[in-house]
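K.L.:
Here is the input, now give the coordinates:
(one chain, ligands or ions: 2)
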Amino acid sequence: MAVVPKLILLFSGKRKSGKDYVTDLIQRRLGSKRCCILRLSGPLKEQYARERGLNYEELLGAGAYKEQYRADMIQWGERKRAQDPGFFCRLAIRDAIQPVWIISDARRMSDLQWFWREYPQQCKCVRVVASEQTRAQRGWKVIAGVDDAESECGLDHGVEFDWIISNDGDDALLEKQLEGLLSLTNEKSIEDTQENLKISGH
Ligand SMILES: Nc1ncnc2c1ncn2[C@@H]1O[C@H](COP(=O)(O)OP(=O)(O)O)[C@@H](O)[C@H]1O
Ligand SMILES: C[C@@](O)(CCOP(=O)(O)OP(=O)(O)O)CC(=O)O
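P.N.:
Ligands and ions are numbered 1, 2, ... in the order given. I've put the predicted structure just below:
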């Protein structure tokens, strides 16, 4: 059963913009007692693999296997979300006990709306941005049915991001931007939660 978090950072961004890279950096700074990374795609891939008789571990990897199934997995996930928009959100947060949650792959307005509704005080939306040139250098290739679909474009418009992180490979600039974001986690209430978790033996 998840605890009530103090801060939820909802990350979105295009493929190869660096969402995993940036969220890993933040988690390493905060430590795993204070911060967890939650992926909506985790339970999605688990259920999809089970239903289709596929290899869940391979879907978690960054190789060709995931890409082979991506378009079908997107459609499968959209059908599930249409029945129940909070389905993957609830599964993703199920075991979270840390005061700071990073959702590393918000893709759709329905994902944001679910978190805003459940945790109206705690949510901050963070967009990771990199140029197409940078993303291509990191291995991004345009795929029709993926890059033009809601999975990639669902949050391109209509969201007022609290933070926009430019991640084009300038380490010093990234560091400066992270400092701002990390300052959100220095608030007294988050430190207090840490103490409470320690006292209750987590
Ligand atoms: N600031 C950075 N400096 C160096 N390498 C980076 C940086 N940002 C991303 N990368 C690399 O680019 C690739 C894609 O980043 P990733 O975080 O997986 O993107 P996304 O999760 O948005 O698809 C990975 O190999 C990652 O290590
Ligand atoms: C079906 C997906 O959840 C697959 C996402 O897999 P990853 O989150 O591993 O993808 P990238 O980081 O963009 O490479 C997408 C969706 O529309 O829900």
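K.L.:
Please count neighbours and contacts with C-alpha atoms only from this point.
P.N.:
Will do.
K.L.:
Residue 111 touches residue 87, doesn't it?
P.N.:
No. Here residue 111 lies out of contact with residue 87, judged by Cα atoms under 8 Å, at a distance of 9.6 Å.
K.L.:
More neighbours: which of the two?
P.N.:
residue 111 (21 against 18; other Cα atoms under 10 Å).
K.L.:
and residue 116, what element?
P.N.:
Assigned by DSSP states H and E, residue 116 falls within helix 109-118.
K.L.:
wait, does that helix make contact with ligand 2?
P.N.:
No. Helix 109-118 stays clear of ligand 2 (Cα under 6 Å from any ligand atom), getting no nearer than 10.0 Å.
K.L.:
tell me what that helix is packed against?
P.N.:
Judged by 3 or more Cα pairs under 8 Å, 6 or more residues apart in numbering; DSSP states H and E, the packing partners of helix 109-118 are helix 87-93.
K.L.:
got the CA coordinates for the helix it packs on in PDB?
P.N.:
Extracted in PDB, the C-alpha atoms of helix 87-93 (Å, rounded to 0.1, in the frame of the first residue of the first chain):
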ATOM      1  CA  PHE A  87      -5.300   1.500 -14.400                       C
ATOM      2  CA  PHE A  88      -1.500   1.800 -14.900                       C
ATOM      3  CA  CYS A  89      -1.200   4.700 -12.500                       C
ATOM      4  CA  ARG A  90      -2.600   2.800  -9.600                       C
ATOM      5  CA  LEU A  91      -0.400  -0.200 -10.400                       C
ATOM      6  CA  ALA A  92       2.700   1.900 -10.700                       C
ATOM      7  CA  ILE A  93       2.400   3.600  -7.300                       C
END
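K.L.:
Next secondary structure after the helix holding residue 116?
P.N.:
strand 123-129.
K.L.:
Can you tell me what sits against the helix or strand just after that next one?
P.N.:
Reading on from strand 123-129 to the C-terminus, the next helix or strand found by DSSP H and E is helix 132-137. Here helix 132-137 makes contact (Cα atoms under 8 Å, 6 or more residues apart in numbering) with 15, 16, 17, 168, 169.
K.L.:
Emit the ChimeraX select command for whichever of the residues you listed are buried.
P.N.:
ChimeraX command restricting those to the buried ones, with burial defined by 16 or more other Cα atoms under 10 Å:
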select :15,16,17,168
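K.L.:
Kind regards, and thank you for your time.
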